[in-house]
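**Student:** this one's structure only:
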DNA sequence: CGGGCACTTGATAGTAATCAAGTCCGGTGG
DNA sequence: CCACCGGACTTGATTACTATCAAGTGCCCG
């Protein structure tokens, strides 16, 4: 199965972890029984990336579905003026590379680790077999794709109607839902992105993001804790800026 | 050419046309054999809408997949300042309502006929049965959803990087691919939307769309023919404004 | 031929990008 | 433990661009 001892170690851990990590975490495998999970586990390879490392480059032809097991990554396109437009932030349980499961497809974006990240990889050919023997997986992927469509559609709505405040609110609410933890005075959000990253996510200048967040702080809607944390104090007020 | 008797005619035609119109036109049924097509045909209902009629309202709970057989529709969200942000234009062979095939889902947008439109409707419960007996359909839908994700991701990129020219170019190229016909001097595009519609599609003021298109005409990249047609003379030049 | 509507074009104002200093924070080394 | 350094962030001033407001113009249809 494998050669070097270190690798055997990792892999053998993985034999167990396949159920816990890659498979159980991920909604697309949630309907599988133990036997099926084991089957899936056999097809999975693992890999680690350090912060800043590229998992995939825009335009690169990839051959596999990648599932984030631990850590998080950003998927971004490079615009003609050299900026990066972040499209997705993928965290534990999210996947990418689904486009080329069915046909050959160049990656539409760069994917870069935002921190130490551990991924599970399933090769296209294995996945195609898998999807045929367990059709329910295709349905689960469809569900996930629909959720992404939802988010992108909403993003386009706020980007189109162009009230900058709404864009900032939307991203803060998104982060609150995804990364927020209960706190006596509200919700504590660990930001996955720097100010510049947030700006690149919602198509603004980093200074503008700073300014708008300062205003939200003055209004008592949130409190900035250092640069990487935000305490959301008044969620309903923040939601008002949306609709 | 049409009136009441014609309508009866149409309906009875449909028993036959199910194979030709709804099913053969649509990529999601492209892998089906004749027998399967017939099975699908039996599940389909038809309906016509006049220009301006709403097929679905934002927030409404729908129960079926709708396939455009003839005509076209726009899917749009109403923003808090009363504007409409158009997200999709669906034409012959496109479908919507896929979100609620799997779970109960309120429509994320209004859908309105841009012209006389004829649709095929499959109820959720029938579709769920269909998808189980012919799993390949789920795969086809996945493909289509991936294409939509592609487009939305590109839209977000251009909306984010905020060069207004690029937005106009992108929409013109999209229309050229979708509705363009060969012409001795380039590509003739029948615009599905008015200037205001285009503006609502790419998040600009209608005046801005006018101005940018006038500039493109001055530059010799295109020629406006009345209000509803555009002759694209220099496609490669238009593409340069993107990347 | 005339009326209405969509579109174009012009002038103005508002808002965010850009340019430019500062300031804060975390990390490092003395 | 403290002082210093660098990078990220904030804040301010200016500029650039598009939305908005306001006339016109042209096209399509009766």
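**Tutor:** Right, received. Where do you want to start? What you see is a predicted model; the values in this text were computed from it and never measured.

**Student:** who does the helix ranked longest in chain A touch, helix- and strand-wise?
**Tutor:** Secondary structure of chain A read by DSSP state H shows that its longest helix is helix A:136-161. Judged by 3 or more C-beta pairs under 8 Å, 6 or more residues apart in numbering or on different chains; DSSP states H and E, helix A:136-161 is in contact with helix A:124-133, helix A:164-179, strand B:84-91, helix B:136-161. Bear in mind the C-beta positions are built from the backbone N, C-alpha and C, glycine included.

**Student:** How about that helix, which residues are buried there?
**Tutor:** By neighbour count on 16 or more other C-beta atoms under 10 Å in any protein chain shown, the buried set for helix A:136-161 is A:136-142, A:144-146, A:148-149, A:152-161.

**Student:** Same check on stretch A:87-104?
**Tutor:** A:87-91, A:93-102.

**Student:** what about the closest residue to residue A:185 other than its chain neighbours, distance to residue B:85?
**Tutor:** Using C-beta to C-beta, 6 or more residues apart in numbering or on different chains and skipping the chain neighbours, the partner closest in space to residue A:185 is residue A:233 (6.0 Å). As judged by C-beta to C-beta, to the nearest Å, residue A:233 and residue B:85 stand 30 Å apart.

**Student:** Could you check which of those two is surrounded by more residues?
**Tutor:** Counted by other C-beta atoms under 10 Å in any protein chain shown, residue A:233 and residue B:85 do not tie: residue B:85 has more neighbours, with 23 against 18.

**Student:** Identify the bridge partners of that one.
**Tutor:** residue B:77 (DSSP bridges).

**Student:** is it true that it touches residue B:197?
**Tutor:** No: using C-beta atoms under 8 Å, residue B:85 is not in contact with residue B:197, being 11.3 Å away.

**Student:** before we move on, the earlier item: which of the buried residues of stretch A:87-104 are close to chain B?
**Tutor:** Restricting the buried residues of stretch A:87-104 to those within reach of chain B (C-beta under 8 Å from any C-beta of the partner chain) leaves A:87, A:98-99, A:102.

**Student:** residues in contact with the spatially closest residue to residue A:83 that is not a sequence neighbour?
**Tutor:** Excluding its sequence neighbours, the residue lying closest to residue A:83 (C-beta to C-beta, 6+ apart) is residue B:161, at 6.1 Å. Residue B:161 sits next to A:79-81, A:83, A:85, A:203 when contact means C-beta atoms under 8 Å, 6 or more residues apart in numbering or on different chains.

**Student:** Taking those residues, please make a PyMOL selection of just the buried ones.
**Tutor:** Selection of the buried residues among the contacts of residue B:161 in PyMOL, burial being defined by 16+ other C-beta under 10 Å:
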select buried, chain A and resi 79+83+85+203
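
**Student:** And whichever residue of chain A sits closest to DNA strand C, which helix or strand is it part of?
**Tutor:** Proximity of chain A to DNA strand C (C-beta to the nearest atom of the strand) peaks at residue A:208, 3.0 Å away. Taking DSSP states H and E as the definition, residue A:208 sits inside helix A:206-218.

**Student:** what's the spacing between that helix and its chain's center?
**Tutor:** 25 Å (C-alpha atoms, centre = their mean, to the nearest Å).

**Student:** Please enumerate residues in contact with that helix?
**Tutor:** A:164-165, A:168, A:172, A:195-196, A:198-199, A:202, A:222-224, A:230, A:238.

**Student:** Now intersect those with the strands, please.
**Tutor:** Within the contacts of helix A:206-218, residues falling in strands by DSSP state E are A:222-224, A:230.

**Student:** Let me have the residues you listed in a markdown table, extended by distance to residue B:189 and neighbour count.
**Tutor:** Below are these laid out as a markdown table (distance: C-beta to C-beta, whole Å; neighbours: other C-beta atoms under 10 Å in any protein chain shown):
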| residue | distance to residue B:189 | neighbour count |
| --- | --- | --- |
| A:222 | 46 | 22 |
| A:223 | 52 | 15 |
| A:224 | 49 | 15 |
| A:230 | 46 | 25 |
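
**Student:** who are the neighbours in contact with the residue nearest the centre of chain A?
**Tutor:** Central residue of chain A (C-alpha atoms, centre = their mean): residue A:90, 0.9 Å from the mean position. Applying C-beta under 8 Å, 6+ apart, we find residue A:90 in contact with A:68, A:72-75, A:96, A:111.

**Student:** Show me what counts as buried in stretch A:25-35.
**Tutor:** For stretch A:25-35, a neighbour-count test (16+ other C-beta under 10 Å) marks A:25-26, A:28-29, A:32 as buried.

**Student:** quick one on the thing from earlier: out of the contacts of residue A:90, who's nearest DNA strand D?
**Tutor:** Nearest to DNA strand D among these, with distances taken as C-beta to the nearest atom of the strand, is residue A:74, at 14.0 Å.

**Student:** Next one: that closest one, what pLDDT does it get?
**Tutor:** pLDDT for residue A:74: 97.

**Student:** Three-state assignment for it, please.
**Tutor:** Judged by DSSP: H, G, I helix; E, B strand; the rest coil, the three-state class of residue A:74 is strand.

**Student:** so where's chain A shaky on pLDDT?
**Tutor:** Applying pLDDT under 70 to chain A flags residues A:1-22, A:243.

**Student:** how about a cut-off of 80?
**Tutor:** The model of chain A has pLDDT under 80 over residues A:1-25, A:162, A:243.

**Student:** Up against DNA strand C, what does it have?
**Tutor:** A:163-165, A:203-205, A:207-208, A:226-227 (C-beta under 7 Å from any atom of the strand).

**Student:** about what we covered before: max pairwise distance over the contacts of residue B:161: which two?
**Tutor:** Spatially, the most separated pair among those is A:80 and A:203, at 14.0 Å (C-beta to C-beta).

**Student:** Just give the number of residues close to the closest residue to residue A:196 other than its chain neighbours.
**Tutor:** Spatially, and ignoring its direct neighbours in sequence, residue A:196 is nearest to residue A:206 (4.4 Å; C-beta to C-beta, 6+ apart). Look at residue A:206: counted by other C-beta under 10 Å, it has 14 neighbours.

**Student:** Check residue A:240 too.
**Tutor:** Residues near residue A:240, counting by other C-beta under 10 Å: 12.

**Student:** Look up phi and psi at it.
**Tutor:** phi -60, psi -30 (degrees, to the nearest 10).

**Student:** where's it relative to DNA strand D, distance?
**Tutor:** As judged by C-beta to the nearest atom of the strand, to the nearest Å, residue A:240 and DNA strand D stand 19 Å apart.

**Student:** can I assume residue A:148 is in contact with residue B:148?
**Tutor:** No: with contacts counted by C-beta under 8 Å, residue A:148 stays clear of residue B:148, the gap being 9.6 Å.

**Student:** before we move on, back to that, could the helices and strands packed on helix A:136-161 go into TSV alongside distance to residue B:182?
**Tutor:** Output for those, formatted as TSV (distance: least, C-beta to C-beta, whole Å):
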stretch	distance to residue B:182
helix A:124-133	36
helix A:164-179	41
strand B:84-91	18
helix B:136-161	23
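
**Student:** Tell me which of the ones you listed lies nearest to residue A:59.
**Tutor:** Using C-beta to C-beta, the nearest of these to residue A:59 is helix B:136-161, at 13.4 Å.

**Student:** got the angle between the closest one and helix B:124-133?
**Tutor:** Here the directions of helix B:136-161 and helix B:124-133 differ by 110 degrees (axes from the mean of the first three to the mean of the last three C-alpha atoms, to 10 degrees).
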